[in-house]
Each structure stands twice: as structure tokens, then as C-alpha cells.
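*Asks:* Give the three-dimensional model of this entry:
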Amino acid sequence: FGPRAVFGRRNVGGESYRPGHGEDSGMVRTATSRRAGTFECAECGWESPKWVGRCGGCRAWDTVEPQMAAAQPIAAGPVTSPARPISQVQADPAISRPTGVAEVDRVLGGGIVPGAVVLLAGEPGVGKSTLLLEVAARTARAGATTLYVTGEESAAQVRRRAERTDGVDDRLYLAAEVDIAAVLGHVDSVSPDLLVVDSIQTMAGAADGVPGGTTQVRAVANALVRVAKERHLPVVLVGHVTKDGSIAGPRALEHIVDVVLQFEGEHGSRLRLLRAVKNRFGPVDEVGCFDLLEDGIVEVADPTGLFISHHAEPKSGTCITVTLEGRRPLLAEVQTLVTYSATPQPRRAVSGLDSARLAMLLAVLQRHAGLDLAGRDVYAATVGGAVLRSPAADLATAMSLGSAAVRRPLPSGTVVIGEVGLAGELRRVPAVRERLAEAARLGFRHAVVPRDTVSGPGRIGRVGALSVIECSDVCQALSALRLTNRPADPGAPGLRAVTGG
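*Replies:* Numbering: from 1, shown residues only. From the prediction side, this is the model:
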């Protein structure tokens, strides 16, 4: 027995292995034969002088592969096109063309660029195939030939979905293939203006290995990128995601493509959000909104109504805030319920909010505002499946808790924006004027924001028809919204001081 040996284990390359637990004895012999060259992780590119079972960079198992050095230096070869001064390069081929879906064009930066390769990823059932079939159908209606290649469904299944979503057009060609060579053959015969591949994990034939494997995905992606650049053909690829939400396959796939889009949606909610994670031709802070219906997917140009409820009269425990999805301001509603607990351990239930920030806000209100929340059950949620992770929703959550605790509703037509610190102070958040302009457009009359946000050193200002109250801490905000039983500070701002009653 050596100092590094363990009963029932074999030590290989500094890592311990137990045969029968995901590895076998053949792996030990393979590792021994790989010691001669340089080894690289297929996921993150981490390098090692010897083979190891677990990557030292991303900590993934069995992703380290040998990288063979070139036997001789590479000699210069013929060029595809001569180098020219950049002033003489024509920029017309890089002009984006609309896809026919306005929300997709918004995220892409005006449309899809010829020769661009777009990767669309999302969880199963979120609506990736439905969205891309809609894009393909509208592109075909605009007069462009579109080729939709499906590797997960049959052609008949896609046809039935197209009939349900009114996406049948003679310029839309459909092929069910899982061999990349056959896909390239269809491209030669159809000569499409747009190619959609659903999905890249189902394609094979470009290298050894199973479909969806690291080697296959990388080889298929390289083949499609080469075709896209040679023919100036825009290509859209559907990608799977892992259980933690990251894009499946090698990380190099995201580097190869030009645009990476993430399609998101909460289970039980019809709202779908399209985000740009990477975009070589446009912004990465735009968000497209869609409504998933039985007969297809519909663009939502103004999704504010999906995140707020309409009451006949003000209700305690509700507060409206303005969140940012990319560069788009959206109104969202926070609802809380505070009640006495029947158990020694009060319950905290959260939906759509950060549970850690809710616990922090409860402690701040308990310590600095004097609200008795320690022995009460607290339930907090958002309306319409909205997810508010930004600190800009702190003040709205705190005012909703204060309203529920004293059983007094906020004044109607009021929005609340701001971050709350541990000392109870209010901190400014980005793009406040854009948020307030959106609230004013939708008819809100009052807003509570952190100090020095709108009117500089003053505490009261206006944005259009919106009266803005600036507060320095949560106590002033509670007093301004008449949610405290303490005597009001004569110098503190309030709705009465702004509106005249």
C-alpha cells in the first residue's frame, strides 16, 4: 500500500476513482496512455499537462481530452480574398433585415444580419419551436424562401402546429433530418434566405460520437457557421439547456455563434421574455415580450397590464413599482399579507421576490421603523408571474409590508421606487426618470423615490404630471404614504405637501 492508495480506489493523475461509480477499470488504462501530450477541457478550455478525470477550471467530469501538437509548422497557403483597406469594404451585406416579428427585431437590433448565426436557448416547453416557426412563416410571407429543419419532430407534427398558428406558406420549406450532410443537401437544393435548425443537439454526422455530444455539437456548429458565412445565409439554431439553466453543449458553441438569445418563462404564466445574452450586431439590454396562447405566440408591445391587478378600491398590502427589463420600463405589483402566527416559528412564503432581501427588509422595518413583524407570518408575491430580483423593488416591498402591517392602503395612483440599505436609508437606482416617465404615461399621479433623485438637493419635484416625493429613509417614506402612527415630522415630505390635500 502506498501513501496515496485508498482501499477500493485507484489513484489516477491525482484523482481518486472507484470502479463501478461512473468509471470502469478501462478508464485507468486510458488515462495512462494519455500522459504524453497536452490535455484541454472541452467545456471551458482549461489545460493540464496530464490527463485528469475532473476539470480544474469548471469542475466538470470526463471533459478533459488530449490535444495533439502539430507535427510540422503550417505553411502559408492561398487566400480566399485579398486584404483591402477598411474604407473600401462594402458594409451593405451586414445590414440587418426584419424578420416580421417586431419583438424579435427589437432584441436583435433591427433584424437578422445575412450570414449571422443565432443560437436560441430555453427550457423545454417554453415555446422555442413555436416562436421560430412564427418567425419562419412571417419571413416566408414577406417573400423570402425559408427552410425549417426539424430533428425532434416529424414533418407532419410541425405542419399541424403551423396550421394551428396560421403559418402555412408555399415559400416555407420543411425537412425532418438528423444528419448534417442531408441538411446541407437541402440547403443546396432549396437555396433558402433563412435556415432554422431545431435543434443542434439532434444533428449528427459531422464527427464521431453520439448526437448532442461535445464533439458532435462543435463539429455541426462549425459546419453551419461555414455555410452561413460562405452563402451570406442567416441561420437560427435551437439549443437545449441544462437543469441549472445554462446552455447545453460545449462552452465554445456560444463563442462560435454571433448571437445568443435566451427564451424565458415561468411555469403557469403565459408571459415569455426573449433576452440577448450576446449580440455582435446590436444591443444586449433589450427584451422582447410574448404571450403564449393556444393558437400560437403573440407579441406584447405593452406588457404592463400583465403585472398589475385592478381593484375597485385601494387594498392594503399592495404597492406598485417600476422595474427595468433590459431598457424597457415595466410596472409590477408587489402584494404582501401579514398575519399573526399560530406556531412558534413564523412562516415566510415568497413568490417572485428574493427571499433573502425580504428577510432583510423585515429586519429593517422591525429595527428602524418600529413595526412589530417578528411574531407574524409574512406572505409576499408578485402579480402575473413577474420576477423582481433587482434592489430597485426594495422600497415597494417595504411599503407593501408596512401597508399590510397597519392595514392601511397606499394612496391610489402611487408608485414607489428605490433600494433600501441595512441602516434604513434609501439609495438611488438607475434610470429613475425613465421609470417615472412610464408611470406618468400610464396615469399615475404620485411617486416616492430616494432623495436627490429628481430635483437635485431638493426633496420634491415633478416629472410631467407626476408629483415626486423624495425621502431619505424608510421612516420618511412610511410617513409620506401615511403608513405610520407616529407624529409626522413637519419638515418631512408628504402627499399633502405636494398635492395640496
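
*Asks:* What are the boundaries of the helices in the stretch 401-501 of the chain?
*Replies:* For the stretch 401-501 of the chain, the helices defined by DSSP state H, counting those that start in this stretch occupy 432-441, 474-480, 495-499.

*Asks:* If you could redo that for the chain, that was the one I meant.
*Replies:* 25-33, 102-108, 128-141, 155-164, 180-190, 214-231, 252-256, 355-368, 394-406, 432-441, 474-480, 495-499 (DSSP state H).

*Asks:* quick one: which of those helices is nearest residue 149?
*Replies:* helix 180-190 (5.4 Å; C-beta to C-beta). No exception for glycine: its C-beta is placed from N, CA and C like everyone else's.

*Asks:* Could you list every helix and strand that the closest one packs against?
*Replies:* If you count contacts as 3 or more C-beta pairs under 8 Å, 6 or more residues apart in numbering; DSSP states H and E, helix 180-190 packs onto strand 146-150, strand 172-176, helix 214-231.

*Asks:* Return the most buried member of these.
*Replies:* Across the helices and strands packed on helix 180-190, averaging neighbours per residue (mean count of other C-beta atoms under 10 Å) puts strand 146-150 on top, at a mean of 24.

*Asks:* hang on, the earlier thing: turn the helices of the stretch 401-501 of the chain into a markdown table, columns for mean pLDDT.
*Replies:* Listed next are the helices of the stretch 401-501 of the chain as a markdown table, based on pLDDT from 0 to 100:
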| stretch | mean pLDDT |
| --- | --- |
| helix 432-441 | 90 |
| helix 474-480 | 93 |
| helix 495-499 | 44 |
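
*Asks:* Now tabulate these in TSV and tack on mean neighbour count.
*Replies:* Converted to TSV, the helices of the stretch 401-501 of the chain look like this (neighbours: other C-beta atoms under 10 Å):
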stretch	mean neighbour count
helix 432-441	19
helix 474-480	25
helix 495-499	15
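
*Asks:* what's the closest of those helices to residue 251?
*Replies:* Closest to residue 251 of the helices of the stretch 401-501 of the chain, according to C-beta to C-beta: helix 432-441, at 34.3 Å.

*Asks:* Quick check: which ranges of this structure have low pLDDT?
*Replies:* Along the chain, segments meeting pLDDT under 70 span 1-37, 68-72, 92-93, 206, 249-250, 305, 454-461, 485-501.

*Asks:* picking up where we left off before, now the helices of the stretch 401-501 of the chain as a markdown table including distance to residue 423?
*Replies:* Formatted as a markdown table, those follow (distance: least, C-beta to C-beta, whole Å):
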| stretch | distance to residue 423 |
| --- | --- |
| helix 432-441 | 21 |
| helix 474-480 | 10 |
| helix 495-499 | 25 |
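
*Asks:* which one of the ones you listed lies closest to residue 174?
*Replies:* Per C-beta to C-beta, nearest to residue 174 of the helices of the stretch 401-501 of the chain: helix 432-441, 41.4 Å.

*Asks:* what helices or strands is the closest one leaning on?
*Replies:* strand 318-325, strand 328-340, strand 414-416, strand 446-450, strand 460-463, strand 466-471.

*Asks:* From the chain's centroid, how far away is it?
*Replies:* Counting by C-alpha atoms, centre = their mean, to the nearest Å, helix 432-441 is centred 24 Å from the centre of its parent chain.

*Asks:* just the angle between that helix and strand 318-325, please?
*Replies:* 130 degrees (axes from the mean of the first three to the mean of the last three C-alpha atoms, to 10 degrees).

*Asks:* could you give the angle of helix 432-441 to strand 446-450?
*Replies:* 170 degrees.

*Asks:* circling back to that earlier point, among the helices of the chain, which is nearest residue 80?
*Replies:* For residue 80, the closest of those is helix 214-231, at 9.2 Å, according to C-beta to C-beta.

*Asks:* If you count contacts, what does the closest one end up packed against?
*Replies:* On a contact count with 3+ C-beta pairs under 8 Å, 6+ apart, helix 214-231 meets strand 117-122, helix 180-190, strand 194-198, strand 235-239, helix 252-256.

*Asks:* got the angle for that helix vs strand 117-122?
*Replies:* Helix 214-231 runs at 140 degrees relative to strand 117-122, counting by the same axes, to 10 degrees.

*Asks:* rewinding a little: looking at the helices of the stretch 401-501 of the chain, which is nearest to residue 154?
*Replies:* Taking these one by one with C-beta to C-beta, helix 432-441 is closest: 45.1 Å.

*Asks:* and the closest one, C-alpha only, in PDB?
*Replies:* Output in PDB follows, covering the C-alpha atoms of helix 432-441 (Å, rounded to 0.1, in the frame of the first residue of the first chain):
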ATOM      1  CA  VAL A 432     -35.300  56.700 -12.500                       C
ATOM      2  CA  ARG A 433     -36.500  59.300 -14.900                       C
ATOM      3  CA  GLU A 434     -37.400  56.600 -17.500                       C
ATOM      4  CA  ARG A 435     -39.300  54.700 -14.800                       C
ATOM      5  CA  LEU A 436     -41.200  57.800 -13.700                       C
ATOM      6  CA  ALA A 437     -42.000  58.800 -17.300                       C
ATOM      7  CA  GLU A 438     -43.500  55.300 -17.800                       C
ATOM      8  CA  ALA A 439     -45.600  55.700 -14.700                       C
ATOM      9  CA  ALA A 440     -46.700  59.200 -15.700                       C
ATOM     10  CA  ARG A 441     -47.700  57.800 -19.200                       C
END
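
*Asks:* before we move on, back to that, the helices of the chain: which one's closest to residue 448?
*Replies:* Taking C-beta to C-beta, helix 474-480 is the member of those nearest to residue 448, at 5.5 Å.

*Asks:* I'd like to know which elements that closest one is packed against.
*Replies:* helix 355-368, helix 394-406, strand 466-471.

*Asks:* The helices and strands packed on helix 214-231 into a markdown table, with extra columns for mean neighbour count and distance to residue 406?
*Replies:* Listed next are the helices and strands packed on helix 214-231 as a markdown table, based on neighbours: other C-beta atoms under 10 Å; distance: least, C-beta to C-beta, whole Å:
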| stretch | mean neighbour count | distance to residue 406 |
| --- | --- | --- |
| strand 117-122 | 25 | 43 |
| helix 180-190 | 16 | 64 |
| strand 194-198 | 25 | 54 |
| strand 235-239 | 25 | 50 |
| helix 252-256 | 16 | 50 |
